[in-house]
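Participant: coords below, sequence missing:
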């Protein structure tokens, strides 16, 4: 066996161990290990579809569905993943069959005995506790097999904390819990293992993973890679730029950083080395691009779907908040690649064709903005049909999509030579982008269907993914027969048979890709359950405030470090659940106490970003190991270089915490949106130049400092503007009625409140209270927030708080004092800071170009 083949085998084995399970038994065991994932996928499709309600058969509530979902995941974790490295992979030992059946029974216990358990809620029988303990132990073992020891250790430590509360240090001590209480809470209710995380895995995540597996099986992954290479391969460091774009597009297909590295890296890393990138940097570019694939809307990593439940917003709002950071992160990585190519004097590969001006423009902008254009075209281009045609718009658009699909397949049939090239053959020139692009345009239609369902129909993420998956099933069954029909190359029966095989294999691979996510969300649910059972969340607020000294920046750094450390061993989804459960409420609470109102979505995206960055963090970053195996480079150095490239992504979360316009919040006009997007992209490009030590030529230390200052000013102009013009006008609390009268409809009442907590501690924080749109008078506006006030001398006190009101949700209690009311100050827009900032940037650019000309770099 050659060294290349061995490396390829090692990489694929690494992906199998991380994502799908390394076992491939033969005989009856092999058939079972193929049939069970198939059944899991069919069950998930049935549960997500409207069919159970149409036929009034197989209707399941959330708890029952979660129970069955986890039963499948645990069964496959024991059968698909060997217990140890030396365990057999060509057969399944008897003990693993026992564990698989016992674990799946324990998980399915809530479904099998749902009525009985509901009748004795809070009073478990001995059988209930035995099943719960068995299930908990086997879940931890399944987690170790599928994901390695770290998550199992974290979950185990939280379990120990549950029982050992009285023996813990005073700062985190609690009264402890009995075995009956703990197991009942964690296994027999939806507060622990079967909580929100498994619920999201059941309702949303599985279908998106299945959708990606079908896209990959249909050939979309290879198509995206070829298109990116044909459009960008001729540029300086072109294969590396193609790797960035291809990895972003592959994020649609795979939610796994490792699978993304292998899918695109086997093609792009050798080409990067060919044009001059050393192995370490070639692997690092692929790692940085692939880890960011989970940031790319409209299909993001599994943790993004958890935000829908944890933050309480729609998935469309999550997409909107994540869109600009993802866009500027990828543009910056392409620019970093360009700077690396300039430093090394690289060139791209030669082209087979002479490009037109339109093709050149397409190369630069089309590959970056393609998905945004598609999404905008769906929303604004055909979204109007919903208003014009009403209920008939959906079948009308469906018919148009089917006609477009047949037409695009007919076009693609003429260019199949561009998709059938040997992927292992050495490429010496860039293919013509026109035929390459036309060879698979119909792969964009499922994304159109998904965006339509999410943004126009406003379906839930699960139902949107279901209809997109149904369309993918149709494509898998029909694309080969249609291509054969249009090309008249093979019999339709043979092509149809291959289509059925593709469908079945994609159903199996989609389910196997879900094993790790299924057990990860369940194990992370242990952490969530312990937090609710023991009340450690409240303790964490005091603990973190003590460590950070009340500093928001230190608190965010502390959170980022925790995410990176946990992420070295935990998958992104589990990392997000653990850290967001512990830290997100703390950051919001302490921010409010210090006058900074931080939107919850900003904090959750902060945790999400650093959980993803952990995939390339040495010494454990598995994505770096996969890239290093392909590049034949040192994995630690590859991971360090990849993390250096990802610094651009690491600063984004800190910036959007303090400037929520980067999350497309508080944008009041189209030109304001353009200004925000343009300044954010420019800021990231200047930061990339600063960190790479190169712009038009090598930068000097003072130029690096100036570029970093420019970056900060573009990202956060309010920092300087607040020094000149205070952002708020504060009034005494007794003037709350005057303040409420001055607010416009849609604005919120910002209060500084103070009071005493249940344990006798003085407490002070800022709160934002929305008032009802119909409230006109100041008194009505205050009442609509749920506050009933009384004035005591020069103090305004809370007399009563209405249950379920905004004031009650903000944590305000009776007898608290309204110490101050804040009104937005009338001041010039903060973007005026951009004028001196851009002048300084222009001066630096002029100086750089002057030196570059002298040195012959231009």
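Facilitator: Structure's in. What do you need? None of these values were measured; they are calculated from a predicted model.
Participant: State the phi and psi torsions of residue 514.
Facilitator: phi -90, psi -10 (degrees, to the nearest 10).
Participant: burial count for it?
Facilitator: Residues within reach of residue 514, counting by other CB atoms under 10 Å, total 31. For every residue, glycine as well, the C-beta is placed using N, CA and C.
Participant: go on, residue 78?
Facilitator: Other residues close to residue 78 by other CB under 10 Å number 29.
Participant: distance of it from residue 41?
Facilitator: 19 Å (CB to CB, to the nearest Å).
Participant: Quote the end-to-end distance of stretch 197-216.
Facilitator: 26 Å (CA to CA, to the nearest Å).
Participant: I figured residue 713 hits residue 720, correct?
Facilitator: Yes. Counting by CB atoms under 8 Å, residue 713 touches residue 720, with 6.5 Å between them.
Participant: between those two, what contacts are shared?
Facilitator: Common contacts of residue 713 and residue 720 (CB atoms under 8 Å, 6 or more residues apart in numbering): residue 833.
Participant: Model confidence at the nearest residue to residue 721 once chain neighbours are set aside, what's the number?
Facilitator: Using CB to CB, 6 or more residues apart in numbering and skipping the chain neighbours, the partner closest in space to residue 721 is residue 830 (3.9 Å). pLDDT recorded at residue 830 is 87.
Participant: what do you get for residue 185?
Facilitator: pLDDT recorded at residue 185 is 90.
Participant: With residue 106 instead?
Facilitator: Model confidence at residue 106, expressed as pLDDT, equals 95.
Participant: Equivalent analysis for the one 5 residues further on, please.
Facilitator: As summarised for this prediction, residue 111 has a pLDDT of 93.
Participant: Just give the nearest non-adjacent residue to it, would you?
Facilitator: Counting by CB to CB, 6+ apart, the residue nearest residue 111 is residue 67, at 4.0 Å.
Participant: What about that neighbour, how many residues nearby?
Facilitator: A count of nearby residues for residue 67, using other CB under 10 Å, gives 23.
Participant: Which element is encountered next along the chain beyond the helix or strand where it lies?
Facilitator: Residue 67 is part of helix 62-80 when elements are defined by DSSP states H and E. Downstream of helix 62-80, the first helix or strand assigned by DSSP H and E is helix 94-112.
Participant: what comes up buried for whichever helix or strand comes after that next one?
Facilitator: Reading on from helix 94-112 to the C-terminus, the next helix or strand found by DSSP H and E is helix 114-119. Buried residues in helix 114-119, defined by neighbour count with 16 or more other CB atoms under 10 Å: residue 117.
Participant: before we move on, what about stretch 69-77?
Facilitator: 69-77.
Participant: so where is the stretch 751-858 of the chain shaky, pLDDT-wise?
Facilitator: Within the stretch 751-858 of the chain, the stretches with pLDDT under 70 are 757-760, 857-858.
Participant: Would you state the helices of it in chain order?
Facilitator: 778-784, 806-809, 834-855 (DSSP state H, counting those that start in this stretch).
Participant: Include distance to residue 115 when you put those into TSV, please.
Facilitator: Below are these laid out as TSV (distance: least, CB to CB, whole Å):
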stretch	distance to residue 115
helix 778-784	43
helix 806-809	34
helix 834-855	64
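Participant: So for residue 430, which of the ones you listed sits nearest?
Facilitator: Closest approach to residue 430 among the helices of the stretch 751-858 of the chain is made by helix 834-855 (27.1 Å; CB to CB).
Participant: what sits up against that closest one?
Facilitator: Residues contacting helix 834-855 (CB under 8 Å, 6+ apart): 675, 679, 682, 686, 695-697, 699, 703, 706-707, 709-710, 713-714, 717, 858.
Participant: What pLDDT is listed against residue 207?
Facilitator: 88.
Participant: nearest residue to it other than its sequence neighbours?
Facilitator: Of all residues not flanking residue 207 in the chain, residue 465 sits nearest, at 3.7 Å (CB to CB, 6+ apart).
Participant: same thing with residue 698?
Facilitator: Nearest one to residue 698, counting by CB to CB, 6+ apart, is residue 343 at 7.8 Å.
Participant: what sits against that neighbour?
Facilitator: 692, 694, 698.
Participant: quick one on the thing from earlier: filter the contacts of helix 834-855 to the buried ones?
Facilitator: The neighbour-count test (16+ other CB under 10 Å) applied to the contacts of helix 834-855 identifies 675, 679, 682, 686, 695-697, 699, 703, 706-707, 710, 713-714, 717 as buried.
Participant: quick one: which two of these are the most distant?
Facilitator: 675 and 697 (29.9 Å).
Participant: Can you get me the start-to-end distance on stretch 244-261?
Facilitator: 11 Å.
Participant: Report the mean confidence score over it.
Facilitator: With pLDDT averaged residue by residue, stretch 244-261 scores 68.
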